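In: Sequence and predicted structure are below.
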Amino acid sequence: MPGPDPQVAPRAVPAIVLAGDGRASKAVYGESKVYLELAGRPLVAHVVSVLQDVPEISEIWVAGDSERLTPLLGESQPKPVHVVPQLRSIYENGWQTYRRLLPGAGPEGRDPEPEDLDLPVLYLSGDLPFATPQEVSVFVRRALATGASYVAGLVERESLEPFRPGQDGAPGIVPAYFNLREGRFRLSNLHLIRPGRIVKRFYLQEMYEHRYQKEWGNALGLAWRLLRDEAGGLAVVAYYGLGHLAGAANRKGWPRLADWIRSWVPIARIERGCGGLLGASFCFGVTEVGGCAIDIDNEDEYDAARERYSQWQKTQHQRARDLYGPPALEAAGAPGSEGPAGGEVSEAEAKLRDTESRG
């Protein structure tokens, strides 16, 4: 697939890197994940470095422990990097940082005015050692082209095959997947959001805290929360439950049963359900490079990443170059860009959109 058209200046958006260590974060070896080191650099520094090479990003905001982060990220960089102190939760970090980046906002930030409501922001986590500039760039362009208030990134299972354990016994990372009618997908860590348009923002915290797909306690907790909300209701809980059942069947080695169950879970219904819960337009955006879907959640994953870092890094950069071409380094800033290559979408995303009328 061709990459972003170098002749089309993309719209530049701010990025917020969520690097806090609050109540919903997981420590690895007793350390906040964003400070774990690979190739001599903390993970959060890897993420900021990637964003520096994404022309669609205008500036970078990092929410976390400012005393620790500032020395790590304070050196002169081409794009502005702002470090802001963390608050009690990921929701507060995301919302209050957004309030600070609004035009004319002071150190304490301000609430959005009507003219701010359509301002898009890229949110991503601070523990993505295998992200590539091209993957972020293509996601932002495609997400902007949808016009949706919330676009969540998806990656197909096949794109994550390079991270699996090797046949020679080399360690790997085996993610959990969303089992949908159109395929098995991993939710990536890229979210293009227009925060001013999200009516029920509190659900963002709820979804984050129950995000671990392999843990049934989290699944049941979120299902109960959805059931109590009149915008969610039984239908959303039913689809949510079917997706988890399909995932469990697949992990048990029953792929035919998993395929039958997931055939009842069309992505269009999931999108409409999420949109109803958030009170805003919602859709998924697919990218074909898997690095942004691989974060570090536990000691085993960190050990695997340390052992295979060079190999995985090389694989991701080569795949990104093969699919999208070299990183586009032209200056960003012009509003109203098209999607990559004039709005072209991937085969996977086209397959998802094809179900809109049938789902």
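Out: Cool, got the structure. Residues are numbered from 1 along each chain as shown.
In: which strand in the chain runs the most residues?
Out: Criterion DSSP state E: the longest strand present in the chain is strand 183-193.
In: Packing partners of that strand?
Out: Applying 3 or more CB pairs under 8 Å, 6 or more residues apart in numbering; DSSP states H and E, one finds that strand 183-193 contacts strand 121-125, helix 133-146, strand 150-156, strand 178-180, strand 282-287. Quick note: C-beta positions are derived from backbone N, CA and C, even for glycine.
In: partners of the first one, with directions?
Out: Sheet pairing of strand 121-125 (DSSP bridges) gives strand 13-19 (parallel), strand 183-193 (antiparallel).
In: Name the stretch among the ones you listed that sits most buried.
Out: Across the strands paired with strand 121-125, averaging neighbours per residue (mean count of other CB atoms under 10 Å) puts strand 13-19 on top, at a mean of 26.
In: what's in contact with that one?
Out: 34, 44, 47-48, 51, 54, 56-65, 69, 86, 90, 93-94, 97-98, 101, 119-126, 140, 144, 192 (CB atoms under 8 Å, 6 or more residues apart in numbering).
In: OK, contacts around residue 299?
Out: Neighbouring residues of residue 299 by CB under 8 Å, 6+ apart: 28, 29.
In: Check what pLDDT it gets.
Out: For residue 299, the model assigns a pLDDT of 96.
In: and the strands paired with strand 121-125 as a markdown table, adding distance to residue 257?
Out: As requested, the strands paired with strand 121-125 are exported to a markdown table (distance: least, CB to CB, whole Å):
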| stretch | distance to residue 257 |
| --- | --- |
| strand 13-19 | 36 |
| strand 183-193 | 14 |
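In: Those: which one's closest to residue 263?
Out: Among the strands paired with strand 121-125, strand 183-193 comes nearest to residue 263, with 11.2 Å by CB to CB.
In: Residue 29: how many residues sit nearby?
Out: If you count neighbours by other CB atoms under 10 Å, residue 29 ends up with 10.
In: which residue packs closest to it, ignoring adjacent ones?
Out: residue 299 (5.8 Å; CB to CB, 6 or more residues apart in numbering).
In: Next one: the one you found from residue 319, what distance?
Out: 27 Å (CB to CB, to the nearest Å).
In: repeat for residue 175
Out: Per CB to CB, residue 175 is found 17 Å from residue 319.
In: now residue 140
Out: Distance, residue 140 to residue 319, by CB to CB: 18 Å.
In: ok, these two, which is more surrounded?
Out: Using other CB under 10 Å as the criterion, residue 140 and residue 319 rank with residue 140 on top: 30 against 19.
In: I'd assumed residue 56 was in contact with that one.
Out: Yes. Using CB atoms under 8 Å, residue 140 is in contact with residue 56, at 4.2 Å.
In: which ones are touching residue 242?
Out: Each residue near residue 242 by CB under 8 Å, 6+ apart is listed here: 261, 262, 264, 265.
In: Show me the helices in the stretch 201-350 of the chain, by range?
Out: For the stretch 201-350 of the chain, the helices defined by DSSP state H, counting those that start in this stretch occupy 202-209, 216-228, 233-251, 255-262, 267-278, 299-324, 340-343, 347-353.
In: mean pLDDT for those helices: which is lowest?
Out: What stands lowest among these, in mean pLDDT terms, is helix 340-343, with a mean of 37.
In: The stretch 1-150 of the chain: helices as residue ranges?
Out: For the stretch 1-150 of the chain, applying DSSP H, counting those that start in this stretch gives helices covering 43-52, 66-73, 90-101, 133-146.
In: Could you identify which of those helices is most buried?
Out: Neighbour counts (mean count of other CB under 10 Å) averaged over each of the helices of the stretch 1-150 of the chain peak at helix 133-146, with a mean of 26.
In: other SSEs contacting that helix?
Out: Using 3+ CB pairs under 8 Å, 6+ apart, helix 133-146 sits against helix 43-52, strand 121-125, strand 150-156, strand 183-193, strand 282-287, helix 299-324, helix 340-343.
In: Export those to a markdown table and append columns for distance to residue 255.
Out: Shown next, in a markdown table, are the helices and strands packed on helix 133-146 (distance: least, CB to CB, whole Å):
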| stretch | distance to residue 255 |
| --- | --- |
| helix 43-52 | 34 |
| strand 121-125 | 30 |
| strand 150-156 | 16 |
| strand 183-193 | 10 |
| strand 282-287 | 22 |
| helix 299-324 | 24 |
| helix 340-343 | 33 |
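In: Which among those is found nearest to residue 131?
Out: Once the helices and strands packed on helix 133-146 are compared by CB to CB, helix 43-52 is nearest, at 4.8 Å.
In: Tell me the helices and strands packed up against the closest one.
Out: Here helix 43-52 touches strand 13-19, strand 57-64, helix 66-73, helix 133-146, going by 3+ CB pairs under 8 Å, 6+ apart.
In: Give me the average confidence score over the longest one.
Out: The predicted model gives helix 133-146 an average pLDDT of 96.
In: ok now that helix, how far from the chain's centre?
Out: Its chain's C-alpha centre and that of helix 133-146 lie 11 Å apart, by CA atoms, centre = their mean, to the nearest Å.
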